[in-house]
Structures are given as C-alpha cells and as structure tokens.
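*Asks:* take this sequence and fold it.
(2 chains)
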Amino acid sequence: MLAFDRPWLLVLLLPCLLPLLGSGATPRGIASLSLVPRDFLSDAIDGLLRLLMAASMAAIVVGLAGLHRERTSVVRTGTGAHVVIVLDRSLSMAEPFARTGEVAHESKTAAASRLLRAFLVERPHDVVGVVGFSTEPISVMPLTEHRDAVAAALAAMRRPPLANTNIGGGLAYGMSMFARDDAAATRVLLFVSDGAGIIGDETQNYLRVEAQRQRVHIYYLYLRAGDDPPLDEDMTGRDDSTQPAALDAFFRTLGVPYRGFEALDPGAVAAAVAEIARLENQPLQYREFQKRRDEDGACFAMAAVCLGAFLLARLAERAGKMQPSPQPP
Amino acid sequence: MSALQDWRFSCAFAALLLLVASVFVPPWRVPRRVHDVIVVMDITTSMNVRDVRLDGSPATRLALEKRAARALLANLPCGSRLGIAVFAERVPFLLFEPVEVCANFPPLDAEIAALDWRMAWDSESHIAIGVANALRLAREEGTELIFMTDGDEMPPLWWTGPPDFKPLRGRVAGLLVGVGDYRLSPMPKYDSYGREIGNWRPGELPAQKDGLFRGQEYLSSVDEPHLRALAGATGLAYLHLTTPDGLLPALDAAAPPRWHMIFVPLRWLPAALAFGLLILAQIDGAVRRRLRLTWRLSRVAALRAAGRWS
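*Replies:* The predicted structure is shown next:
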C-alpha cells in the first residue's frame, strides 16, 4: 500500500497549477501575439510544455510529502509447522556426550542448542516457541515467527543448566503454549531430554486431553550417554516409570502421532532432527514481511526527467526575427 | 534573447541540477545512543509482596518489575539489544541472548509478560552471589546490566558477608534496582499448586536455625542498605524503582554511551529548494494579474458572506 508521511504537504499541489495559468511568454520584439497566425501544432507543444512543468512540480511535492510503500505482511502458503521445543535444562544436561562427535567434549546442552538452531535454519517458515524446564517449567520464548528472537533463545540455552528435572511440568507448559495459538497449522512438540521422570496422574491426564484435542505431533529426542538405559528397554514386569522407555510407552498411549529418537552423539541428534524435518512438511500459512520502501527518490527522479525534457525544449527555441507576413498586394 | 540568458530558464536549470543531486545524495549518517543490556529479574517469592503501586493501585513487586522491563523494551532506541534473565537461588538464568529490540519487539514483550514467580527453580535467593554471577554474565556477553530485586536475602547473608567483588568491580556498567517499599509488609503464602493461601505468620517460616535470622523473615521490605552496599562494591548505580519508566533515564546516566549509526535521509532538502526555484520561475506578469484577480474575487466573496452572516 502506498502512503504519505506528511500528507498535509500535498496542499503544495495547488501552486503546481501555476504553469498552466501563466503566459509562458518571454519578452520578444513583437508587439502582439495576435500578429502571428494561430497554429495548432504550436498550441499543442505549448500545452505539452506547460504540462511537463506542472508534472515536474507535482512530482516534487509528492516526494516531499513522503510517498512510501507501507510495511506489509503477505500471507503465503509454504510447508512447515508450529513447533514448541521443550528443552531439558537440568544439571545432567551439562555432561558431555559419551562419544564426542564433530565438537570435542561438547555438552548435551551445547550440542542440542547448536543442532536445534541448525534445524530451524532449514525450516524458514516454522513458527517456534521454546520452553526450558528444570525444577519448574520456564517460558523462554513464546510461539513467534521472529526467528532472530528464537535463535537468541536457543543460543542462550547452551549456558550452564539449573537444578532438578520436572518433565511433566515442562511438557504441560509446552502443551499449554498451543492453547493460545489458534492458527490452523500442524503442531509439533519436540521434547529434548537426557532422561525421563515420573509424571503425576493429573499432568498425565492434562497431556492426554490436550494432545488429542489439539492434534499435537510429539517427538522425543533422548540424548543418551553411554551407560544410560536405552529407549527400547524391555519394561515388562518392571514398574519403573523413571526410565526413558516408560516415558516412550506413555507417549505411545496418547493416541497422537509420536516418534522417539535415541541419540548417542551429536551426529545421531542431527540425523533425528533431519528425520523430523522430513516428516513435518505439511502445508502451512505463514506471513511474509515486506519492508517499508521510500519512493521519494523515484518521485524526484521523475521530476528531473520532466524538467529536463522541458528545458531541452526551451533550448530548442530559436529567437529569430519574425518575418513580417507577406502583405497582399 | 536566447533561453540561456533568461532568468527563468536559469532558475529551472538550477532546479534540475538540485533534483539530480537529490536522487544521488547519500543519507546522512548520525550516531544515536543505544544500549546493549541484560536485564535480570528477581522472580523469587518475596517479589509477590504487594507493597508497590502501579497505575494507582497496589501491586506486587513482580508486576512493577515486569512493567518496568516492558517499558524499557518499548523505550530503548532501535539498534539497542536486550537480553532477559530470571533470577532465583544463585543463578541469573539467561532466557535469550541480547537481540535487537525493534525487529523483535512482539515476542520479547510477550515473553516478559509471561514471566511468573512459579518459574523459579528454587525458593532461596542468594542475592549478593546472584549479582556477582550476573556481572560475570554481562561481562561475557559484553553488555550493560540491570539487576532488579528487593534485596531480600533468603536465607540471610552468612556472617562472612557478600562475595569478593574486587575482580568484577567497575567492569560492567549498569544499575542495581531496588523494588519494594521501605516498610515491612506481609509475604503471601502459596500451596503446592501455586494458589495463594494467605500470608506467612510469625514462626511459620523454616527453622530459625541460627542467629542470622532476626525473627522477622515472614515480613519483607526492600533492603536498601544492603543493595546500596552491593552497588558500591560492584560499581553499579543504585535506583529505587517507583515508576515503570524509570529504568532508561537511570541507565543513560549510569552507563557510558554506545553509539549506533542511523541513516537520516537528506533527499528532501535539495528537492525542496528545487521546488522553490520552480515556483519562482512561474511568477510572470500574467500569473500576477490572475492571482490579483483571484484575491479580489475571494475578498468580494468574503465580504458578501460577512454581510450575509453578520
């Protein structure tokens, strides 16, 4: 949309009519124009020159009034999802991965932060929110399309973590973020943790109800150190709900699309993240922002062109003496 | 007489040169004062005490602190960068690294609004140690620091006093902000669901194990002497927060200026001059006559109207 910064300056369009009113005459050694026979071509050129001058002045006024294209957002359709990343910020996340991948002695936290940022670079249209959890869930960044803010939040997550692990709280907070998001988009909850824990009955119910109501796709990215129990541990006959395998089983009972990934090193995290990126490519409506563009330069350029044409025409004028028209004998 | 000697032609030609210049003139680079700052917000339970006023009504310290942070976000000039950390226990937990405030305003504003005391991972608040950690954080990030708290150490500061600030002193510019009233006020109490269930009463708070507790820990006020001492030891400036928009002026005063170049367009200047010249070039005898005629007609019309309405 075009708009003006200083619309009141458009009053100056009135004096732009001056060239149409003036005689345009330059003093010449001729008593009266009526001595010269009326000529259609001359009248046309005269009118054209007046219009050129008026247009030049008007273009300057429009430029001075601050003509610009407004900052707008266009709704486009691409592929992607609304993603809430729920990131474990408990103390154990400070430990290094068992096998060092591309970066030597990288902590789980730092690796997760780095790979998630890489994941988001590949997915430009996702709307992303971040929740950290330790003893309590912490809102880190609400669901937003402003990717600089999300990148800054994920970058801050490589700093030392906090205290205990409250998985249920983190999951519930992440799930509640979707409740305030009314867009018709695929919802993805990406849960990144190096362990599991007990989720209270009340929280379990809340998660079940909300996951089904909002059709949330859940991914569990389990960052496993060497001697941690595997994700596909056989839990038959054991009632130990603190194990990752138990959490995996709980997610399976939710009745929504779910996949668990076990990552022993940063390379495996990257593979899991790539797999999630491949799976979550449903159509998504997203907003694309177009920056404000000032058009005053274009106005002044146009004014210069009109004025240049006018002056060229003036230069083509020849002042030559008028020949007295032949008198009829 | 050729066109080149005509003064009106000269005016128009000068206008053309000015217009061409206006298209190519570069914007003017002006420095503007900005801040790179990390704001640390105390979210421990003593921040729930209702002893401050916001919009004329009693409010919690946390509400005032959040509003102050949002006002700072809104008032920082574009090009400034803001990071937010929440404080509990001993740790300023950085939520996001400093990002540009104008481009990222909506999510940052929503994030500050979403902060809650329930996010605290621990009920203790070792403020002196927290300030030391926050100074380290700001130094690592190369930013200024604003630390907002009520100064209510829980448990009370150990007899050895605050940590040694010497290596940090004066390395980071910024503010230590006291939030809360000087008088003691009751502290709200919460159940395990985070619902408010009245106030703490004498003797209810955890064991008064040693002489450090004065027996008044169920009440809270802003501990200004403690905060002023911390500010003195760290080289931060102290501010007692009473209105939400107090942070930016105080930060301007406390921190050495950082400059961010902004571009001020200058196109309009030669273009306006060109317009003036073109107007000048239009004034000839005929125009003067016509203007005079218009003026007379309008005066006649005005007089008539006045006659009719008076």
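*Asks:* between the two ends of stretch A:230-248, how far is it?
*Replies:* By C-alpha to C-alpha, to the nearest Å, the extent of stretch A:230-248 from end to end equals 11 Å.
*Asks:* can you give me the helices for the stretch 151-300 of chain B?
*Replies:* Along the stretch 151-300 of chain B, counting by DSSP state H, counting those that start in this stretch, helices occupy B:224-234, B:247-254, B:268-282, B:285-309.
*Asks:* longest strand anywhere in chain B?
*Replies:* strand B:91-100 (DSSP state E).
*Asks:* other SSEs contacting it?
*Replies:* Packed against strand B:91-100 by the contact rule (3 or more C-beta pairs under 8 Å, 6 or more residues apart in numbering or on different chains; DSSP states H and E) you find strand A:137-144, helix A:147-156, strand B:36-42, strand B:81-88, helix B:105-114, helix B:127-141. Heads up, the C-betas are built off the backbone N, CA and C, glycines and all.
*Asks:* quick one: mean pLDDT over the longest one.
*Replies:* This points to helix B:127-141. For helix B:127-141, mean pLDDT rounds to 92.
*Asks:* show me what counts as buried in it.
*Replies:* B:127-135, B:137-138, B:141 (16 or more other C-beta atoms under 10 Å in any protein chain shown).
*Asks:* contacts for the helix or strand that that helix is followed by, please.
*Replies:* Tracing the chain C-terminally past helix B:127-141 and defining elements by DSSP states H and E, one meets strand B:144-149 next. Outside strand B:144-149, the residues within contact range by C-beta atoms under 8 Å, 6 or more residues apart in numbering or on different chains are B:35-42, B:47, B:65, B:68-69, B:72, B:87, B:92, B:125, B:127, B:130-131, B:134-135, B:137-138, B:172-179, B:227, B:236, B:241, B:247, B:251, B:254-255.
*Asks:* paired strands for strand B:144-149, with orientation please.
*Replies:* Within its sheet, and counting by DSSP bridges, strand B:144-149 is paired with strand B:36-42 (parallel), strand B:174-179 (parallel).
*Asks:* what sits against A:E70?
*Replies:* Here A:E70 is in contact with A:1-3, A:292 (C-beta under 8 Å, 6+ apart).
*Asks:* go with 7 Å
*Replies:* Neighbouring residues of A:E70 by C-beta atoms under 7 Å, 6 or more residues apart in numbering or on different chains: A:1, A:3, A:292.
*Asks:* ok, now B:E65?
*Replies:* By C-beta under 7 Å, 6+ apart, the neighbours of B:E65 are B:41, B:47, B:148, B:179.
*Asks:* ok, which stretches of the stretch 1-150 of chain A are helices?
*Replies:* With DSSP H, counting those that start in this stretch as the criterion, the stretch 1-150 of chain A has helices spanning A:18-21, A:40-64, A:108-121, A:147-156.
*Asks:* out of the ones you listed, which is closest to B:N199?
*Replies:* helix A:147-156 (35.4 Å; C-beta to C-beta).
*Asks:* just checking, what packs against the closest one?
*Replies:* With contacts taken as 3 or more C-beta pairs under 7 Å, 6 or more residues apart in numbering or on different chains; DSSP states H and E, helix A:147-156 sits against helix A:108-121, strand A:127-133, strand A:137-144, strand B:91-100.
*Asks:* give me the neighbour count for B:E224.
*Replies:* Neighbour count for B:E224, taken as other C-beta atoms under 10 Å in any protein chain shown: 16.
*Asks:* can you check B:L95 too?
*Replies:* Count around B:L95 with other C-beta under 10 Å applied: 25.
*Asks:* same question for B:W28.
*Replies:* Other residues close to B:W28 by other C-beta under 10 Å number 11.
*Asks:* pLDDT score assigned to B:D210?
*Replies:* For B:D210, the model assigns a pLDDT of 55.
*Asks:* pretty sure B:P270 is touching B:L17, no?
*Replies:* No. Counting by C-beta atoms under 7 Å, B:P270 stays clear of B:L17, with 8.6 Å between them.
*Asks:* more neighbours, these two?
*Replies:* B:P270 (20 against 14).
*Asks:* give the contact list for that one.
*Replies:* Applying C-beta under 7 Å, 6+ apart, the residues near B:P270 are B:18, B:21-22, B:25.
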